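Enquirer: sharing a sequence plus its predicted fold:
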Amino acid sequence: MVKKTFLVLLFLFFVIHNVNAVQIVDSIKVYNINVSGVLPGDTDKEILRINVFISGGGSNLTFESMTVTSNNSDDNDVSGVSVYYTGSDSSFNTSNQFGSTGTFSAGSVTFTGSQSLAKDTCNYFFVAYDISAAAVLGDTCDAKILTNDITIDGSTYPALDKDPSGSRKIVNFIGHYCPMFQNDPLRTGRSPCVGPEVPAVKWSRNLGSFSNFNQSSPIIGDDYTIYIGDYSGKLYAVRPDNTIKWTYTTTPGQQIVAAAAISADSTIYVGSYDYKLHAVNYDGSGKWTYATGLWIISSPAIDADGIIHIGSYDTDLYAIEDFVDSAVVKWNYNTAQNVFSDPAVWTDGTHYNGSCDDDLYAIDKDGNLKWKYQEATGNYYYSSPAIGTDGTIYIGNDDGYLHAVNPDGSQKWKYDTGSYIRGGPAIAEDGTIYIGSNGIL
């Protein structure tokens, strides 16, 4: 009897152990993680990321095939399609290709191979496109995975079509056309585009009952979408043909007076009179908000590491990191008065901004004060700084002077315009500084 009981228990242990040891496909999720533009002739531009969640122990499952279907795309724009496996690393790289590079035929291409999947983790696959040199500007690059078009250990997945939101546009300039106020974190005011020889109104749009009071400046993304805020608290995304793509409301009635900024991954950041910095997804949905202590009149600057720099009427300067679902303050530095000025950021991460305490501040990338420049006692810095190629900082002041400040905080020179300066300077490629002063350029 004891022997039988022991054998039964042993059998049950063996069954339970083997049930736990069997690997299963928990889920398959598909994302379009990069919506920035692509250039004709580009190669290996990621279009989709496929997350394959595996649980359990035992023998490794094998990824055997996947069919990729083009989506709202012209197959002639795509000269090659590849799939890459990155293991448990969610970042895109091309070191391990699954199958061979193919081309679309009637809108789809199938990849076959034998890729062992990592146990009890998420496995990542990427679909990447080579863009034809003759690709049509403005066309869309997108893809989807249809029902049962993935095979793992002889079983087919997913149960439903996977068609994530987002796509990539074929453009003739990489990056955003005007991603932030004054175009770049140095606030040079230079554009890569050539304007018209003769001005002519292409279209106009009424932004609502508060439009007569609009102060926000537009920015332009890599798909030519224009982003602008208004006094009602709305951020508008307007297509180049003057149709509304979407609107995002910060807090009703809490005006947006500063320009927004758009990051490399097409997240839009905008401040509002509701005290908050808002992060908005490319599709117009809210990503996160971060509350400062008072109004945000300052326009964000985004540095090379993706850090968002901004000033607030609460007297603080901020450097904020985007952690996808939340904002994390890298540092904040208190000035003695309200901040209207828009920050400029040098290549080493130094944050320059003026305050109504009469000082121009230089804060290093870790939030430490490098120096303060005070040459205009009793006069505010409403103007925003701009940085030249040699690191010289240029900023106007209510004292009527355009100040040129060396990177060490010493004065280089100052120029008397004869009246107060509220706008920021622009710097031409030849080093010429343009500045407006009480109606005079």
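Expert: Right, received. Where do you want to start? Residues are numbered from 1 along each chain as shown.
Enquirer: ok, residue 272 touching residue 252?
Expert: No. The criterion here is CB atoms under 8 Å, and residue 272 misses it with residue 252 at 10.6 Å. Every C-beta, even on glycine, is put in place using the N, C-alpha and C of the backbone.
Enquirer: overlap of the contact sets of those two?
Expert: The contact sets of residue 272 and residue 252 overlap at residue 233 (CB atoms under 8 Å, 6 or more residues apart in numbering).
Enquirer: okay, those two: which has more neighbours?
Expert: For residue 272 versus residue 252, neighbours defined as other CB atoms under 10 Å are more numerous around residue 272 (24 against 9).
Enquirer: quick one, phi/psi of that one?
Expert: For residue 272, the backbone dihedrals (degrees, to the nearest 10) come out as phi -140, psi 170.
Enquirer: got a list of what it touches?
Expert: By CB under 8 Å, 6+ apart, the neighbours of residue 272 are 229, 233, 250, 251, 254, 255, 256, 278, 295, 296.
Enquirer: pretty sure the fifth one contacts residue 235?
Expert: No. The pair residue 254 and residue 235 fails to qualify as a contact (CB under 8 Å) at a distance of 11.8 Å.
Enquirer: residue 356 - nearest residue in space that isn't next to it in sequence?
Expert: Using CB to CB, 6 or more residues apart in numbering and skipping residues adjacent in sequence, the residue nearest residue 356 is residue 337, 3.8 Å away.
Enquirer: same question but for residue 349, I mixed them up
Expert: Leaving aside its sequence neighbours, residue 349 sits nearest to residue 365 (CB to CB, 6+ apart; 3.0 Å).
Enquirer: pLDDT-wise, which helix or strand of the chain ranks last?
Expert: Lowest by mean pLDDT, DSSP states H and E among the helices and strands of the chain is helix 2-21, with a mean of 46.
Enquirer: what about the residue nearest to residue 356, how many residues close to it?
Expert: That count, for residue 337 with other CB under 10 Å as the rule, works out to 14.
Enquirer: where does it fall, helix, sheet strand or coil?
Expert: Put simply, residue 337 is coil when judged by DSSP: H, G, I helix; E, B strand; the rest coil.
Enquirer: wait, it touches residue 314, no?
Expert: No. Assessed by CB under 8 Å, residue 337 is found out of contact with residue 314, at 10.5 Å.
Enquirer: ok so, going back, pull up the per-residue confidence for the residue nearest to residue 356.
Expert: Looking at residue 337, its pLDDT reads 93.
Enquirer: and what of residue 146?
Expert: On the pLDDT scale, residue 146 is placed at 95.
Enquirer: over to it: give its phi and psi.
Expert: According to degrees, to the nearest 10, residue 146 has phi -90, psi 170.
Enquirer: so what's it up against?
Expert: By CB under 8 Å, 6+ apart, residue 146 lies in contact with 67, 69, 161, 162.
Enquirer: for the host helix or strand of the first one, buried residues please.
Expert: For residue 67, the enclosing helix or strand under DSSP states H and E is strand 62-70. When burial is assessed from 16 or more other CB atoms under 10 Å, strand 62-70 yields the following buried residues: 63, 64, 65, 66, 68, 69, 70.
Enquirer: now swap in stretch 131-151 and tell me
Expert: Those buried within stretch 131-151 under the rule 16+ other CB under 10 Å are 131-132, 135, 139-146, 149-151.
Enquirer: what is the nearest of those residues to residue 302?
Expert: Nearest to residue 302 among the buried residues of stretch 131-151: residue 141, at 24.3 Å, using CB to CB.
Enquirer: what residues are bridge-paired with the closest one?
Expert: Beta bridges link residue 141 to residue 168 when assigned by DSSP bridges.
Enquirer: give me the pLDDT for it.
Expert: 92.
Enquirer: that one and residue 130 touch, don't they?
Expert: No. Using CB under 8 Å, residue 141 is not in contact with residue 130; the gap is 10.4 Å.
Enquirer: how far away is residue 32 from residue 260?
Expert: Residue 32 is 22 Å from residue 260, where distance means CB to CB, to the nearest Å.
Enquirer: neighbour count: those two, which is higher?
Expert: Applying other CB under 10 Å to residue 32 and residue 260 shows that residue 260 carries more neighbours, namely 27 against 22.
Enquirer: low-confidence regions, the protein specifically.
Expert: The model of the chain has pLDDT under 70 over residues 1-21, 172-176, 208-214, 376-378.
Enquirer: please name the nearest non-neighbouring residue to the residue most central in space within it.
Expert: The chain has residue 263 as the residue nearest its centroid, 2.7 Å off, counting by CA atoms, centre = their mean. Leaving aside its sequence neighbours, residue 263 sits nearest to residue 302 (CB to CB, 6+ apart; 5.4 Å).
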